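S.K.: take a look and give me a structure for this.
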Amino acid sequence: QVQLVESGGGLVQAGGSLRLSCAASERTFGTYAMAWFRQAPGKEREFVAALIVLIGSGVRTSYADSVKGRFTISRENAKNTVVLQMNSLKPEDTAVYYCAAGSRATTEAKEFSAWGQGTQVTVSS
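M.R.: As a prediction, the model looks like this:
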(Lines give C-alpha, C1' and ligand atoms only; values in the text may rest on other atoms or scores of the structure.)
Protein backbone atom coordinates (compact mmCIF):
# COMPACT_ATOMS: atom_id res chain seq x y z
CA GLN A 1 0.00 0.00 0.00
CA VAL A 2 1.27 3.44 -0.89
CA GLN A 3 2.66 5.45 1.98
CA LEU A 4 2.30 9.23 2.22
CA VAL A 5 4.55 11.72 3.98
CA GLU A 6 3.48 15.32 4.48
CA SER A 7 5.71 18.31 5.06
CA GLY A 8 5.51 22.08 5.10
CA GLY A 9 3.23 22.91 8.01
CA GLY A 10 4.03 25.62 10.52
CA LEU A 11 3.03 28.89 12.11
CA VAL A 12 2.09 31.89 9.97
CA GLN A 13 0.32 35.18 10.49
CA ALA A 14 -3.08 35.84 8.99
CA GLY A 15 -2.73 36.82 5.35
CA GLY A 16 0.42 34.78 4.93
CA SER A 17 1.15 31.69 2.85
CA LEU A 18 2.28 28.12 3.38
CA ARG A 19 3.07 25.30 1.00
CA LEU A 20 2.28 21.73 1.99
CA SER A 21 3.78 18.75 0.18
CA CYS A 22 2.72 15.13 0.15
CA ALA A 23 5.20 12.60 -1.16
CA ALA A 24 3.90 9.18 -2.19
CA SER A 25 6.12 6.12 -1.84
CA GLU A 26 5.22 4.85 -5.29
CA ARG A 27 3.75 6.11 -8.50
CA THR A 28 0.07 5.49 -9.06
CA PHE A 29 -1.35 4.40 -12.38
CA GLY A 30 -4.91 4.43 -13.60
CA THR A 31 -7.69 6.49 -12.11
CA TYR A 32 -6.75 7.91 -8.72
CA ALA A 33 -7.27 10.82 -6.43
CA MET A 34 -5.00 12.63 -4.05
CA ALA A 35 -6.51 15.02 -1.59
CA TRP A 36 -6.02 17.15 1.45
CA PHE A 37 -8.29 17.06 4.46
CA ARG A 38 -8.01 18.97 7.72
CA GLN A 39 -9.18 18.59 11.26
CA ALA A 40 -9.39 21.40 13.80
CA PRO A 41 -9.63 20.72 17.55
CA GLY A 42 -13.10 19.60 18.50
CA LYS A 43 -14.25 19.39 14.89
CA GLU A 44 -14.71 16.63 12.38
CA ARG A 45 -12.26 16.04 9.57
CA GLU A 46 -13.25 18.05 6.51
CA PHE A 47 -12.36 18.04 2.85
CA VAL A 48 -10.05 20.79 1.60
CA ALA A 49 -8.92 20.02 -1.96
CA ALA A 50 -8.48 17.10 -4.34
CA LEU A 51 -6.66 16.33 -7.54
CA ILE A 52 -8.36 13.59 -9.51
CA VAL A 53 -6.82 11.77 -12.46
CA LEU A 54 -9.32 10.07 -14.72
CA ILE A 55 -8.06 7.75 -17.43
CA GLY A 56 -9.16 9.19 -20.75
CA SER A 57 -10.45 12.41 -19.22
CA GLY A 58 -7.38 14.07 -17.83
CA VAL A 59 -6.98 15.82 -14.51
CA ARG A 60 -9.48 17.85 -12.55
CA THR A 61 -9.36 19.62 -9.22
CA SER A 62 -11.95 20.19 -6.56
CA TYR A 63 -11.99 22.60 -3.61
CA ALA A 64 -14.05 23.23 -0.54
CA ASP A 65 -15.95 26.51 -0.78
CA SER A 66 -14.05 27.85 2.23
CA VAL A 67 -10.71 27.69 0.40
CA LYS A 68 -11.64 28.45 -3.21
CA GLY A 69 -9.55 31.24 -4.65
CA ARG A 70 -6.99 30.94 -1.84
CA PHE A 71 -5.67 27.36 -2.05
CA THR A 72 -4.28 25.56 -5.09
CA ILE A 73 -3.59 21.84 -5.41
CA SER A 74 -1.11 20.59 -7.99
CA ARG A 75 1.18 17.67 -8.64
CA GLU A 76 4.83 17.14 -9.42
CA ASN A 77 4.81 13.90 -11.39
CA ALA A 78 8.52 13.30 -11.39
CA LYS A 79 8.51 13.36 -7.60
CA ASN A 80 5.19 11.54 -7.00
CA THR A 81 4.25 14.60 -4.99
CA VAL A 82 1.10 16.61 -4.52
CA VAL A 83 1.39 20.21 -3.35
CA LEU A 84 -1.15 22.42 -1.59
CA GLN A 85 -0.32 26.09 -1.93
CA MET A 86 -2.20 28.06 0.69
CA ASN A 87 -2.44 31.83 0.35
CA SER A 88 -4.33 34.52 2.26
CA LEU A 89 -4.48 32.26 5.28
CA LYS A 90 -7.03 32.92 7.99
CA PRO A 91 -7.10 31.88 11.66
CA GLU A 92 -9.96 29.52 10.82
CA ASP A 93 -7.58 27.58 8.56
CA THR A 94 -5.76 26.39 11.69
CA ALA A 95 -5.88 22.59 11.76
CA VAL A 96 -3.93 19.42 11.25
CA TYR A 97 -3.76 18.83 7.51
CA TYR A 98 -3.79 15.27 6.18
CA CYS A 99 -2.86 14.00 2.75
CA ALA A 100 -4.84 11.08 1.36
CA ALA A 101 -4.72 8.87 -1.71
CA GLY A 102 -7.19 6.47 -3.24
CA SER A 103 -8.13 4.69 -6.43
CA ARG A 104 -11.57 6.28 -6.82
CA ALA A 105 -12.49 9.61 -8.38
CA THR A 106 -14.03 11.03 -5.22
CA THR A 107 -13.65 13.57 -2.45
CA GLU A 108 -15.27 11.39 0.23
CA ALA A 109 -12.84 10.70 3.04
CA LYS A 110 -14.09 7.15 3.56
CA GLU A 111 -13.06 6.25 -0.01
CA PHE A 112 -9.39 7.05 0.53
CA SER A 113 -7.26 4.05 1.47
CA ALA A 114 -3.95 5.72 2.32
CA TRP A 115 -3.36 8.58 4.76
CA GLY A 116 -0.38 10.56 5.89
CA GLN A 117 0.47 11.29 9.50
CA GLY A 118 -0.70 14.91 9.34
CA THR A 119 1.05 18.25 9.58
CA GLN A 120 0.05 21.15 11.82
CA VAL A 121 -0.89 24.50 10.31
CA THR A 122 -1.42 27.36 12.74
CA VAL A 123 -2.55 30.80 11.59
CA SER A 124 -2.29 33.59 14.14
CA SER A 125 -4.51 36.66 14.06
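S.K.: please name the nearest non-neighbouring residue to the residue nearest to the spatial centre of the chain.
M.R.: For the chain, the residue nearest the mean C-alpha position is Trp36 (2.2 Å; Cα atoms, centre = their mean). Of all residues not flanking Trp36 in the chain, Val48 sits nearest, at 4.3 Å (Cβ to Cβ, 6 or more residues apart in numbering). C-beta here means a position set from N, CA and C on the backbone, and glycine is covered the same way.
S.K.: who are the contact partners of the residue nearest to the centre of the chain?
M.R.: Listed by Cβ atoms under 8 Å, 6 or more residues apart in numbering, the contact partners of Trp36 are Leu20, Cys22, Val48, Ala49, Ala50, Ile73, Val82, Leu84, Tyr97, Tyr98, Cys99, Ala100.
S.K.: over to Val123?
M.R.: Neighbours of Val123 in contact, by Cβ under 8 Å, 6+ apart: Leu11, Val12, Gln13, Ala14, Gly16, Leu89, Lys90, Pro91, Glu92, Asp93, Thr94.
S.K.: residues near the first one, how many?
M.R.: What it means is Leu11. 12 (other Cβ atoms under 10 Å).
S.K.: isn't it right up against Thr122?
M.R.: Yes: using Cβ atoms under 8 Å, Leu11 is in contact with Thr122, at 4.7 Å.
S.K.: list the buried residues of stretch 69-86.
M.R.: Phe71, Ile73, Arg75, Asn80, Thr81, Val82, Val83, Leu84, Gln85, Met86 (16 or more other Cβ atoms under 10 Å).
S.K.: point out the least confident one among those.
M.R.: Taken together, these show their lowest pLDDT at Asn80, with 84.
S.K.: now that one: closest residue in space, sequence neighbours ignored.
M.R.: Ala24 is the one closest to Asn80 (Cβ to Cβ, 6+ apart), at 4.3 Å.
S.K.: who are the contact partners of that neighbour?
M.R.: For Ala24, the contact set (Cβ under 8 Å, 6+ apart) comprises Val2, Gln3, Leu4, Met34, Asn80, Thr81, Val82, Ala101.
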